[in-house]
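In: The following block contains a protein sequence and its predicted model.
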Amino acid sequence: MDRRRYRRRPTRNGSERLREVVAHARQVSRRVKEAKWLEWCASFSQHTRLADLWSNLRTATGGSLSRPSAHPRPQQEAERMADTFADRCVSDQLPARMSRTLQHLRLERERLIWDGRVRLDPADCPLTHRKLTRAKRAGRDTATGADGVTYTMVTHADPAGEQGILGLINHSWAIGHLPSTCKSADIQSIPKPKDPVKLRPITLLSCVAETAERMVLNRLQWRLEPCHPHVFGFSRGVCTSDSIMALLNHVDNRAVIAVFLDLKRAFELTCPFAILAALVSEGTQGRLLAWIEDYSQGRRAMVKFHVIL
């Protein structure tokens, strides 16, 4: 209004009035923008997803924001980490005497595994819809494998989807072979809290494959006898406190010497043939043994580093 009035009758007083109005309008606009900016910044917290944060920053900057590089040579760093993780699992890490012993026992163990695999067993029957329902993992989604299928997709699949998942798992069960995608893993590394220079590999597997693993695990636990009551690792319903209480009850206020052993790279250097032979000695055979044998062999992994979300 003041601008139109000044254009119709340009006077000195009108010019000063127009400058005052424009200065006041700019001041109000800056205060509004500042308040909106602070409100927008306050909407972020430690619970905000990183992908949402970058998306909002791109919107705020008009799409011109570029993410900083996590490493000057990400490709070379990913290959270096892949070589490091692979070296942790090679048999060369074992002492020479242990390697010779494993090589000597391998032929006998392979024979036991072959004999057990061709036998028929009551556990050979197809996996049921009830087992699939029991194996579903409810709750918050975790990071997915290479196929991008989340636990929410598996849990809330419609009847046709459930039938498709169960059919895929039962086909794998019948032929004793897993699809290559179910044996492929994505490895993403995170720094250790107390030593950020060292990285801890986090293996991301297919949620469908992990659901099948739980179904087979339930059948394996049904087939085998219960574990020793003093086995607490990877046992449902028990934790470290239970093992401590069992030790204290056994000690019963007596003076004892306790020895705690931490086997370095125990999982990485475990011999699959030794595990399979032990399962055969416990009565595992048929499709169950064949599926576990294929599950433990031919696995692949890919290291992901500096992934753009």
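Out: Sure, I can see it.
In: who's in contact with the nearest residue to Arg88 once chain neighbours are set aside?
Out: Distances taken as Cβ to Cβ, 6 or more residues apart in numbering place Glu268 nearest to Arg88, at 4.9 Å, with adjacent residues excluded. Quick note: C-beta positions are derived from backbone N, CA and C, even for glycine. Applying Cβ atoms under 8 Å, 6 or more residues apart in numbering to Glu268 gives the contacts 88-89, 93.
In: could I get those as CSV with pLDDT and neighbour count?
Out: Below are the contacts of Glu268 laid out as CSV (pLDDT from 0 to 100; neighbours: other Cβ atoms under 10 Å):
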residue, pLDDT, neighbour count
Arg88, 76, 13
Cys89, 77, 13
Gln93, 73, 14
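In: Of these, just say which sits nearest to Cys182.
Out: Cys89 (19.2 Å; Cβ to Cβ).
In: Surely that closest one is in a strand?
Out: No: the assignment for Cys89 (DSSP: H, G, I helix; E, B strand; the rest coil) gives coil, which keeps it out of a strand.
In: what about Leu289, is that helix, strand or coil?
Out: Reduced to three states by three-state DSSP, Leu289 is helix.
In: List of residues touching stretch 136-151?
Out: 152, 154-155, 181, 184-186, 188, 202, 204-211, 214, 302.
In: Next step: these restricted to helices.
Out: Among the contacts of stretch 136-151, the members falling in helices (DSSP state H) are 152, 154-155, 207-211, 214.
In: among these, who's most crowded?
Out: Cys207 (24 neighbours; other Cβ atoms under 10 Å).
In: So that one is in contact with Val154, correct?
Out: Yes: using Cβ atoms under 8 Å, Cys207 is in contact with Val154, at 5.7 Å.
In: where does Lys198 land in three-state SS?
Out: Relying on three-state DSSP, one would call Lys198 strand.
In: what's around it, how many residues?
Out: Neighbours of Lys198 using other Cβ under 10 Å come to 9.
In: which non-adjacent residue is nearest it?
Out: Using Cβ to Cβ, 6+ apart, the closest residue to Lys198 is Lys192 (4.9 Å).
In: Please apply the same query to Pro191.
Out: Counting by Cβ to Cβ, 6+ apart, Pro191 lies nearest to Leu199, which is 6.0 Å off, once chain neighbours are set aside.
In: What separation is there between that neighbour and Asp262?
Out: 20 Å (Cβ to Cβ, to the nearest Å).
In: Let's test this: mean pLDDT of stretch 163-177, rounded?
Out: For stretch 163-177, mean pLDDT is 93.
In: buried ones in it?
Out: The neighbour-count check on stretch 163-177 (16 or more other Cβ atoms under 10 Å) flags 165-166, 169-170, 172-173, 176-177 as buried.
In: For Leu53, which non-adjacent residue is closest in space?
Out: Counting by Cβ to Cβ, 6+ apart, the residue nearest Leu53 is Phe44, at 6.3 Å.
In: mind giving me the domain split of the chain?
Out: 2-43, 74-227+271-304 (automatic domain parsing).
In: for the ones you listed, which one ends up most surrounded?
Out: Most buried of these by mean neighbour count (mean count of other Cβ atoms under 10 Å) is domain 74-227+271-304; its value is a mean of 15.
In: For the residue nearest the centre of the chain, give the beta-bridge partners.
Out: Nearest to the mean C-alpha position of the chain, by Cα atoms, centre = their mean, lies Leu204 at 3.5 Å. With DSSP bridges as the criterion, Leu204 is bridged to Asp186.
In: Quick check: it touching Ser184?
Out: No: counting by Cβ under 8 Å, Ser184 is not a contact partner of Leu204; they are 10.0 Å apart.
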